[in-house]
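>>> Need coordinates for the below:
(4 chains)
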Protein chains: 2
Amino acid sequence: MTLPESAEPEAAVAPGPAFSPLYQQIKALLVRSLQAGEWKPGEAIPSEMELAARFKVSQGTVRKAIDEMATENLLVRRQGKGTFVATHAEDHIQYRFLRLMPDDGSPSGMARQFLDCKRMRAPAEVARALGLKSGESVVWVRRTLSRNGAPVVLDDIWLPAAPFKGLTAERLSQYAGPMYGLFETEFGVRMIRAEEKIRAVAADATSATLLAVSSGAPLLSVERLSFTYGDRPVELRRGLYTTASHYYRNELS
Amino acid sequence: MTLPESAEPEAAVAPGPAFSPLYQQIKALLVRSLQAGEWKPGEAIPSEMELAARFKVSQGTVRKAIDEMATENLLVRRQGKGTFVATHAEDHIQYRFLRLMPDDGSPSGMARQFLDCKRMRAPAEVARALGLKSGESVVWVRRTLSRNGAPVVLDDIWLPAAPFKGLTAERLSQYAGPMYGLFETEFGVRMIRAEEKIRAVAADATSATLLAVSSGAPLLSVERLSFTYGDRPVELRRGLYTTASHYYRNELS
DNA sequence: GAGTGGTCTAGACCACTTC
DNA sequence: AAGTGGTCTAGACCACTCC
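All right, here's what the predicted structure looks like:
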């Protein structure tokens, strides 16, 4: 069965009938609604019964679509209350993407300090990663995160200038909360997932100064490419982490 | 509803009725069967219909239990064939837990070389991590992984001596395949999940020699604690990775 | 064709939240 | 009490694999 709404363009060359279950089609429609901003981050989406009626399928089918979106962290279910659009802007979800933990328990808050924020032409490497044409404008941000007064993270961040028009150091400093929260509420750009490439590098002169370590000290280099809906890359971030009293935590399964 | 078989010991102090859905109880029973070795890694478990009959529940309930175990990588579903116990010993699943990727595409095979394998008393730190009594025996293994003749990984591995009785350098060298495959087939110990703590460190003299880098060169330190069924830790591994031509890949969501 | 997992439905009831 | 998500059932049919 195929929903009437879904065009389902059949590739002329790739022959496979590419059977797509109903719930996958529902899921695609829901993602499009999220992308279009029909429901904003933090808001509730319609109930399963309503969606089932809208799409003319059973509740179970809607359920399976939502289930997958919940495990992908696009939606959050709350029993008795409803299903909500995931967000980076909630107090208890701070730093959803930051895996750096202090050696001594508490993953408490970190102090943000913005060092620079400039509009510039995208370096070739950045343009490639973000899928921009060579020479297009990007916004470059440099900032540090400190714990107990000591700098721990030095981030260089590149964002395509177009969707982030109006991003200034001032604006960044005023916003209390994670950057991804600001991106959501001020620019309507939601980070869905990210890929990281991690290396050990030696601190160069400027990094060493900014992180208060000696030149040549080993640092964790974390290169992160973040994606919005539709797997469009919208942020390249290169973090340098000091790992003397912190570690990057990962779970394998 | 509660399955008659499940004892469900009620904590005297913690009062909550702790409602447990049927499918969770089924899941717990299936995990116990895996733990007991009723079905070995790579083998098929009974069909959903058979299990439904055995547990006197509907197929859908068994399905949901299996679904969760599949997303936890305990089981693998193959449409038309059956549901199989996950394993580290399959050719195409090589290095399930190794996230190190070469800069130039192909994650091809690596050459293993075992440098040492000794029985010793557990250092305090190791004992603590593995939940052993101070002074209990462990097996210590040191090995390297090389790509294209160049060493890339130096691993120090500590295993509780009891379950790994008879593990020798000889035995390790002869086995073609990942260590976790050998652990499964030879010692019946299956690694289910792992936690890693990642840091950047400077190479000390011996590491530098073994990895053919200069002393003080930055290396990625990956401390991995691996768990079997029931969240029992059974391996502590400290890897040093050279990241000049490789990177540690991670996905965030 | 028989057996397996995968999808979809319709309906009942449960647990949680809010009013 | 009403509305939400969460569980469970029973049955039909589909897609894939193997014989």
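>>> Grab the nearest non-local neighbour of the residue nearest the centre of chain A.
Geometric centre of chain A, nearest residue: A:Met191, 2.7 Å, by C-alpha atoms, centre = their mean. Nearest residue to A:Met191, sequence neighbours excluded (C-beta to C-beta, 6 or more residues apart in numbering or on different chains): A:Ser226, at 4.6 Å. In short, each C-beta sits where N, CA and C put it, glycine included.
>>> Bridging across strands, which residues link to the one you found?
Beta-bridge pairing for A:Ser226 (DSSP bridges): A:Ala194, A:Glu235.
>>> Let me see the contact set for it.
Applying C-beta atoms under 8 Å, 6 or more residues apart in numbering or on different chains to A:Ser226 gives the contacts A:Phe97, A:Met191, A:Arg193, A:Ala194, A:Pro233, A:Val234, A:Glu235, A:Leu236, A:Arg237.
>>> Confirm A:Val141 sits in a helix?
No. A:Val141: not assigned to a helix; according to DSSP: H, G, I helix; E, B strand; the rest coil it is strand.
>>> For the nearest residue to it once chain neighbours are set aside, give me its contacts.
In this structure, A:Val141 finds its nearest non-sequential neighbour in A:Ile157, 4.3 Å apart by C-beta to C-beta, 6+ apart. Applying C-beta under 8 Å, 6+ apart, one finds that A:Ile157 lies in contact with A:Trp140, A:Val141, A:Arg142, A:Arg143, A:Met179, A:Glu235, A:Leu236, A:Arg237, A:Arg238.
>>> and the residue of the stretch 151-253 of chain A found nearest DNA strand C, how many neighbours?
As assessed by C-beta to the nearest atom of the strand, DNA strand C sits closest to A:Ser253 within the stretch 151-253 of chain A, at 18.5 Å. Using other C-beta atoms under 10 Å in any protein chain shown, A:Ser253 has 15 other residues around it.
>>> Assess the claim that it and B:Ala70 are in contact.
No. Counting by C-beta atoms under 8 Å, A:Ser253 does not reach B:Ala70; the two are 11.6 Å apart.
>>> Any chance of the contacts of A:Ser226 in a markdown table with pLDDT as columns?
Listed next are the contacts of A:Ser226 as a markdown table, based on pLDDT from 0 to 100:
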| residue | pLDDT |
| --- | --- |
| A:Phe97 | 95 |
| A:Met191 | 96 |
| A:Arg193 | 96 |
| A:Ala194 | 98 |
| A:Pro233 | 97 |
| A:Val234 | 98 |
| A:Glu235 | 98 |
| A:Leu236 | 98 |
| A:Arg237 | 98 |
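>>> For the buried ones among those residues, write the corresponding ChimeraX selection.
Filtering those down to the buried ones (16 or more other C-beta atoms under 10 Å in any protein chain shown) takes a single ChimeraX command:
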select /A:97,191,193,194,233,234,235,236,237
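>>> Return the member of the contacts of A:Ser226 nearest to DNA strand D.
Closest to DNA strand D out of the contacts of A:Ser226 is A:Arg193 (21.6 Å), distances taken as C-beta to the nearest atom of the strand.
>>> Look up the closest residue to that closest one, ignoring the ones flanking it.
Distances taken as C-beta to C-beta, 6+ apart put B:Ser253 closest to A:Arg193, at 4.3 Å, once the chain neighbours are dropped.
>>> Next one: the one you found relative to B:Ala89, how far apart?
As for B:Ser253, its distance to B:Ala89 is 28 Å (criterion: C-beta to C-beta, to the nearest Å).
>>> Likewise for A:Ser108?
43 Å.
>>> out of these two, which sits in the busier spot?
B:Ala89 (18 against 8).
>>> and the more buried one, what is it in contact with?
Residues near B:Ala89 by C-beta under 8 Å, 6+ apart: B:Pro41, B:Gly42, B:Gly177, B:Pro178, B:Tyr180, B:Gly181, B:Leu182, B:Glu184, B:Thr185.
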